[in-house]
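[1] Fold the following and give me the result.
(chains A and B)
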Protein chains: 2
Amino acid sequence: MLYLIGLGLGEVEDIGVRGLRIAKAAKRVYFEMYTSLLHGPNGGIPQLEALLGRSVIPADREVLEEKAADILEGALTDDVAVLVVGDPMAATTHSDLILRAREWNIAVEIIHNASIISAVGCTGLQVYRFGAVVSICFWTDDWRPRSFCHHIKENLKRGLHTLCLLDIRVREPDMKALMRGRKEYEPARFMTVAQAASQLVEILTTAAEDEPQENDKDCFSVDTLCIGLARVGLSTEKLVAGPLKSLVDVELGGPLHSLIVCGPLHPLEHDFVKQFALDSASFSSQ
Amino acid sequence: MLYLIGLGLGEVEDIGVRGLRIAKAAKRVYFEMYTSLLHGPNGGIPQLEALLGRSVIPADREVLEEKAADILEGALTDDVAVLVVGDPMAATTHSDLILRAREWNIAVEIIHNASIISAVGCTGLQVYRFGAVVSICFWTDDWRPRSFCHHIKENLKRGLHTLCLLDIRVREPDMKALMRGRKEYEPARFMTVAQAASQLVEILTTAAEDEPQENDKDCFSVDTLCIGLARVGLSTEKLVAGPLKSLVDVELGGPLHSLIVCGPLHPLEHDFVKQFALDSASFSSQ
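    Sure thing, here's the model as predicted:
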């Protein structure tokens, strides 16, 4: 049996009672470590191993995507568990691994857990009032995608909030070292709310040649209310709300961060968001 | 301290290790029992109490909405826990209770868990490709809302999937008994995939006086691919995929059910959904 076990939002003890029991008893336990982050030193691995009372096999993108056969080896008769921060089927579906397992007649069980996708309810915004989720990627010198902004605008036109997942770069091969024949990895990078807000402000204030200049200003501007989220679900969670432009300078501490671009707030949403407004006096009058 | 603790998708052992520890030690533990359902006899309460090693106080809508003061009593000095199936902030935000607690300077901690909102990833559909969530309510003789269909169409026009949460009627006051001066409750009702599909088919095949007859047929028809989901995350989970009209007769067993109206599928989504297609031969050619 292949078990995909969600670990929740990043505290090692957010694993479920059932998930813990299965992981303790499994023949092999992999720990997926490239789409999210477990809280704690050394990527949370020592704490995770202490809780499980066993060692785990760290699995980066390469292992999960290219070495599925290794992971699934023996899973027809033994239990193999893959631990995934968040919900194992939310931000990344691991569909490939599951399809491969089923091809080989290996039963698959998914043990869900909290994901930022639904945990955004911690802002008091109603999950019914979110449109499609978008991802904001680190720009490079020659790759500066801005099309995600279109989806935010489409959501805003319908009065919907947008959850923006911010880029995570973990275990990215260092291309320069690779060219010298050495396999090394770049330092991990996690996009902050301030970086995401800066990117959005730049998109909104500079004209793109390939985009029609529609009535964007009506629905999305540097004054649109946004919420910066840091470490949702951890004891150090931090939320701030304010106009997009005010989040450019905000300092929310360590990863992971997310950003919400808000549609118009319902009265109860308004009362809740006001609790963590950067400027609660002016927030009342919005 | 007030703790809102998510229980996940309905197996009592889906509670997290941390949530279990807090609930065991709290002064009082309430169990919210009107927005979702814990798996097991008698609403799962006996199993829950066995796992916690203590009794819980069932809390219906009335208790949670009107008796917040009772719940919060003593929470300035003692720990009070409210257990909620799913994620405590997903389908219902419990914002009122939290705002009230903070007014009284009671600290609040939310322990997230799996919610259907993110667990829909079990279908292989990518969470990035979902638009706004809608709710489908039981129709009565004189109340037959159909406006939610508009949101599905808006999602489809953008190529997005729609998760439809299906109505749950638990602890609804029996109006006839109430008029005779007795407080009784109607039997619990849970909308099935078949009931939801029938309602959608009726909406799509009958003209509504108050709705413009736009080019609906282009985007949403009785032939649109839908997925019926039953008991997601439980060992008895069942998924079926087929044209909307084919789900009208489908029998998926006990609650909870949900329905997804699919936008166009990406190739990997297609391969995954095909696994549980009602008619996988014809599904290939869609």
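[2] where are the low-confidence patches of the stretch 1-150 of chain A?
    A:91-93 (pLDDT under 70).
[3] all helices for it, in order.
    Ranges of helices within the stretch 1-150 of chain A are A:17-25, A:45-52, A:61-66, A:68-72, A:95-103, A:116-119, A:148-157, based on DSSP state H, counting those that start in this stretch.
[4] Give me the buried positions along the last one.
    Just to be clear, that refers to helix A:148-157. A:148-149, A:151-156 (16 or more other Cβ atoms under 10 Å in any protein chain shown). Heads up, the C-betas are built off the backbone N, CA and C, glycines and all.
[5] hmm, back to that, deepest-packed of the helices of the stretch 1-150 of chain A, please.
    helix A:116-119 (a mean of 28; mean count of other Cβ atoms under 10 Å in any protein chain shown).
[6] Would you mind writing the CA trace of that helix as PDB?
    The C-alpha coordinates for helix A:116-119 follow below in PDB (Å, rounded to 0.1, in the frame of the first residue of the first chain):
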ATOM      1  CA  ILE A 116      -3.200  27.000   2.900                       C
ATOM      2  CA  ILE A 117      -6.000  26.800   0.300                       C
ATOM      3  CA  SER A 118      -8.600  26.300   3.000                       C
ATOM      4  CA  ALA A 119      -6.600  27.700   6.000                       C
END
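[7] Return the distance of it from the chain's centre.
    Here the centre of helix A:116-119 is set off from its chain's centre by 9 Å, with Cα atoms, centre = their mean, to the nearest Å.
[8] now for it, which elements pack on it?
    strand A:162-166, helix B:116-119 (3 or more Cβ pairs under 8 Å, 6 or more residues apart in numbering or on different chains; DSSP states H and E).
[9] need these in a markdown table with distance to B:V250, can you?
    Listed next are these as a markdown table, based on distance: least, Cβ to Cβ, whole Å:
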| stretch | distance to B:V250 |
| --- | --- |
| strand A:162-166 | 32 |
| helix B:116-119 | 18 |
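[10] Let me know which of these is the nearest to A:G233.
    Ranking the helices and strands packed on helix A:116-119 by proximity to A:G233 (Cβ to Cβ) places helix B:116-119 first, at 12.8 Å.
[11] between the buried residues of helix A:148-157, which is nearest A:T224?
    Proximity of the buried residues of helix A:148-157 to A:T224 (Cβ to Cβ) peaks at A:L156, which lies at 7.4 Å.
[12] where's the closest one relative to A:L244, distance?
    Note on A:L156: its distance to A:L244, by Cβ to Cβ, to the nearest Å, is 12 Å.
[13] With A:V250 instead?
    Where A:L244 is concerned, A:V250 sits at a distance of 11 Å (Cβ to Cβ).
[14] Let me see the confidence value for A:Q275.
    At A:Q275, the predicted lDDT confidence score is 94.
[15] wait, isn't it in contact with B:A101?
    No - counting by Cβ atoms under 8 Å, A:Q275 sits too far from B:A101 to count as a contact (11.4 Å).
[16] how far does stretch A:224-235 sit from the chain's center?
    12 Å.
[17] So for it, mean pLDDT?
    Rounded mean pLDDT across stretch A:224-235 is 96.
[18] Quick check: closest non-adjacent residue to the one residue in the stretch 101-250 of chain A that gets nearest to chain B.
    Per Cβ to the nearest Cβ, the residue of the stretch 101-250 of chain A with the smallest distance to chain B is A:G121, at 2.9 Å. Spatially, and ignoring its direct neighbours in sequence, A:G121 is nearest to B:M89 (2.9 Å; Cβ to Cβ, 6 or more residues apart in numbering or on different chains).
[19] who's in contact with the one you found?
    By Cβ atoms under 8 Å, 6 or more residues apart in numbering or on different chains, B:M89 lies in contact with A:118-122, A:124, B:4, B:110, B:112.
[20] for A:R18, same thing?
    A:111, B:11, B:13-14.
[21] so of those residues, which ones are in strands?
    A:I111 (DSSP state E).
[22] Okay, now the unreliable bits of the stretch 151-286 of chain A?
    A:207-218, A:284-286.
[23] Could I get the full set of strands for it?
    Along the stretch 151-286 of chain A, the segments classed as strands by DSSP state E, counting those that start in this stretch run A:162-166, A:168-169, A:189-190, A:225-230, A:238-243, A:257-261.
[24] Would you mind giving those strands as CSV with distance to chain B and mean neighbour count added?
    Shown next, in CSV, are the strands of the stretch 151-286 of chain A (distance: least, Cβ to the nearest Cβ, whole Å; neighbours: other Cβ atoms under 10 Å in any protein chain shown):
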stretch, distance to chain B, mean neighbour count
strand A:162-166, 8, 24
strand A:168-169, 15, 18
strand A:189-190, 19, 15
strand A:225-230, 12, 24
strand A:238-243, 11, 21
strand A:257-261, 13, 25
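[25] Make JSON lines out of those and add distance to A:K24.
    Converted to JSON lines, those look like this (distance: least, Cβ to Cβ, whole Å):
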{"stretch": "strand A:162-166", "distance to A:K24": "31"}
{"stretch": "strand A:168-169", "distance to A:K24": "28"}
{"stretch": "strand A:189-190", "distance to A:K24": "30"}
{"stretch": "strand A:225-230", "distance to A:K24": "32"}
{"stretch": "strand A:238-243", "distance to A:K24": "33"}
{"stretch": "strand A:257-261", "distance to A:K24": "31"}
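[26] and of those, who's closest to A:G40?
    strand A:189-190 (14.9 Å).
[27] tell me what that closest one is packed against?
    strand A:168-169.
[28] how close does the residue lying closest to A:C137 once chain neighbours are set aside get to A:G86?
    Distances taken as Cβ to Cβ, 6+ apart place A:D167 nearest to A:C137, at 4.7 Å, with adjacent residues excluded. Distance from A:D167 to A:G86, counting by Cβ to Cβ: 16 Å.
[29] How about A:K67?
    22 Å.
[30] Give me the more crowded residue out of those two.
    A:G86 (30 against 13; other Cβ atoms under 10 Å in any protein chain shown).
[31] correct me, but the more buried one touches A:A114?
    Yes - between A:G86 and A:A114 there is a contact at 7.1 Å, judged by Cβ under 8 Å.
[32] residues near A:S147, how many?
    Based on other Cβ under 10 Å, the number of other residues close to A:S147 is 11.
[33] Okay, it and A:A197: tell me how far apart.
    Distance, A:S147 to A:A197, by Cβ to Cβ: 18 Å.
[34] Determine the longest helix present in chain A.
    Ranked by number of residues, the top helix in chain A under DSSP state H is helix A:193-205.
[35] quick check: angle from it to strand A:162-166?
    Note on geometry: by axes from the mean of the first three to the mean of the last three Cα atoms, to 10 degrees, helix A:193-205 and strand A:162-166 are set 120 degrees apart in direction.
[36] which parts of helix A:193-205 are buried?
    A:193-201, A:203-204.
[37] Pull out the CA atoms of that helix and give them to me as PDB.
    This file holds the C-alpha atoms of helix A:193-205, laid out as PDB (Å, rounded to 0.1, in the frame of the first residue of the first chain):
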ATOM      1  CA  VAL A 193       4.800  39.400   1.000                       C
ATOM      2  CA  ALA A 194       6.900  42.600   0.500                       C
ATOM      3  CA  GLN A 195       8.500  41.000  -2.600                       C
ATOM      4  CA  ALA A 196       5.200  39.900  -4.000                       C
ATOM      5  CA  ALA A 197       3.600  43.300  -3.400                       C
ATOM      6  CA  SER A 198       6.500  45.100  -5.000                       C
ATOM      7  CA  GLN A 199       6.100  42.900  -8.100                       C
ATOM      8  CA  LEU A 200       2.400  43.600  -8.300                       C
ATOM      9  CA  VAL A 201       2.900  47.400  -7.900                       C
ATOM     10  CA  GLU A 202       5.500  47.300 -10.700                       C
ATOM     11  CA  ILE A 203       3.000  45.400 -12.900                       C
ATOM     12  CA  LEU A 204       0.200  47.900 -12.100                       C
ATOM     13  CA  THR A 205       2.300  51.000 -12.600                       C
END
